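Undergrad: need the 3D shape of this:
(3 chains)
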Amino acid sequence: MNETARPRAILHVDMDAFFVSVELLERPELIGEQVIVGHPAGRSVVLSASYECRALGVRSAMPMSTAMRLAPQATVIEPHQEQYRLASRRIMSIFRDVTPAVQQLSVDEAFLDVTGSLRRLGSPPRIGQSIRDQIRSELSLPASVGIAKNMFVAKIASTRAKPDGMLVIRPDETVPFLHTLPVSALWGVGQRTGEVLARAGIHSVRDIAQTPPATLGKMLGSTGAKLYELAWGRDERAVEPVREEKSIGAEETFAEDVRDPDVLHTEFLRLAHRVAERLRRAGKLAGTVAIKVRYEDFRTVSRSRRLPQASSSAVALAESATGLFDALWRDGDAIRLVGLRAEQFSGGAGVQFSFERSDANWESAEAAMDRIRDRFADSGVKPATLLNRPAGGARAPEEKSDG
DNA sequence: TCTGGGGTCCTCCAGCGA
DNA sequence: TCTGTCGCTGGAGGACCC
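TA: Model prediction:
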């Protein structure tokens, strides 16, 4: 069929310094200034930085202390997640007016397959400009757009279009464009893979394209073959509007390292309640619980275990998590972070009480707490074991999601 | 410099049954 | 009956992304 031969038109839309841009709507006097969004104290990192800060070397995920050294004049703004979520919802709805084929990657970016909208809305650049104009007029926010024949190239194009720009890579321009880029531009090449490639003298996408796939495979396993395909601009993945969640987790970095196992048990219970509430809201039961423990030297270990029965009960999750943790614990350990993740989901809707499921009563009680919290946001409802226990994390108290 | 939090995907390895 | 092999599954953990 001709339909399969027609090149796809993929847009990647990425908001520019999204958190900072949203904050500037409330603080217009800071436009053009050095602005960082993040928690100013503790062990926090930069969530978003204005382009004026980026010019000084400040980057997302950089420790706040480093950022403040690079940009001591910067204004630091505490994040307001709810405002970002509201803006994000409006932006995604603008995308869905263009095409139902929208794959949201994060709060501030998405892929759009507009192949089916061309007849109705015009050429891909016209659609891209229209989206940018609409976001600008309705939300006063800047967005960058990359347009290409596939997702991978569209994503690179939007990165190169920043800030507040649009870049179109036509199919016949794809390979020459890619071959000007460093290997780090490829999806899947982070620090480790970059080091492996550099040791072999491979520094650019062109170098990868000129290396036999078998050689790349020896160095990187199956990743090698994928990188080779990407280096020639080949990426046939489809835009997937609905992607099912595969895990739900929560983690907490302590303001100071913790040496008391009782404190850590309490933290696992707190995390279990955060995760279990999200499981119940999603109508899912977890089959496996995984924990993550980061020590003072940043060494990180994870352990996981199947639950006797799939569950969305915080008590069941916490029991399993503390069991895994106790098997790891050695006197004298200093713990920097603990995390808990629920995996291996099965559907939870319509789960009935069962004598075989000993945690079902806990689930019912916890679901009742959910309903009270929904109705009375300030109720302070939480399990007795967490009452009067201060949270141990690095974040500011008002950012805590429980309690 | 000193590294958050929420995820996904992949590889390696061990255990197990055919 | 014993042993080796193969494929499957689950756990551990690394790498990566935003």
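Undergrad: how far away from the center of its chain is the one helix or strand residue A:136 maps to?
TA: If you go by DSSP states H and E, residue A:136 is part of helix A:124-139. Averaged C-alpha coordinates place helix A:124-139 at 25 Å from its chain's average position (Cα atoms, centre = their mean, to the nearest Å).
Undergrad: give me the average confidence score over it.
TA: When pLDDT is averaged over helix A:124-139, the result is 96.
Undergrad: next helix or strand past that helix?
TA: Next helix or strand after helix A:124-139 toward the C-terminus (DSSP H and E): strand A:143-148.
Undergrad: tell me if the very next helix or strand once past that following strand is near DNA strand B.
TA: Downstream of strand A:143-148, the first helix or strand assigned by DSSP H and E is helix A:151-161. No: using Cβ under 7 Å from any atom of the strand, helix A:151-161 stays clear of DNA strand B, coming no nearer than 13.0 Å. C-beta here means a position set from N, CA and C on the backbone, and glycine is covered the same way.
Undergrad: strand partners of the next helix-or-strand element following helix A:151-161, parallel vs antiparallel please.
TA: As assigned by DSSP H and E, the chain's next helix or strand after helix A:151-161 is strand A:166-168. Paired with strand A:166-168 in the same sheet, following DSSP bridges, are strand A:143-148 (parallel).
Undergrad: show me what the partner strand is in contact with.
TA: Residues from elsewhere that reach strand A:143-148 (Cβ atoms under 8 Å, 6 or more residues apart in numbering): A:9-16, A:91, A:124-125, A:128-129, A:131-132, A:135-136, A:153-169, A:174.
Undergrad: and it, which residues are buried?
TA: For strand A:143-148, a neighbour-count test (16 or more other Cβ atoms under 10 Å) marks A:143, A:144, A:145, A:146, A:147, A:148 as buried.
Undergrad: just the CA atoms of that strand, as PDB, please.
TA: The C-alpha coordinates for strand A:143-148 follow below in PDB (Å, rounded to 0.1, in the frame of the first residue of the first chain):
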ATOM      1  CA  ALA A 143       8.100  26.200  23.400                       C
ATOM      2  CA  SER A 144      10.600  24.700  20.900                       C
ATOM      3  CA  VAL A 145       9.600  22.300  18.200                       C
ATOM      4  CA  GLY A 146      11.600  19.700  16.300                       C
ATOM      5  CA  ILE A 147      10.100  18.200  13.100                       C
ATOM      6  CA  ALA A 148      11.500  15.000  11.400                       C
END
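Undergrad: residues near residue A:38, how many?
TA: The tally of other residues near residue A:38 (other Cβ atoms under 10 Å) stands at 23.
Undergrad: actually residue A:208, not the one I typed
TA: Residue A:208, neighbours per other Cβ under 10 Å, totals 24.
Undergrad: pull out the buried residues from the helix holding residue A:136.
TA: For helix A:124-139, the neighbour count (16+ other Cβ under 10 Å) marks A:124, A:127, A:128, A:131, A:132, A:134, A:135, A:139 as buried.
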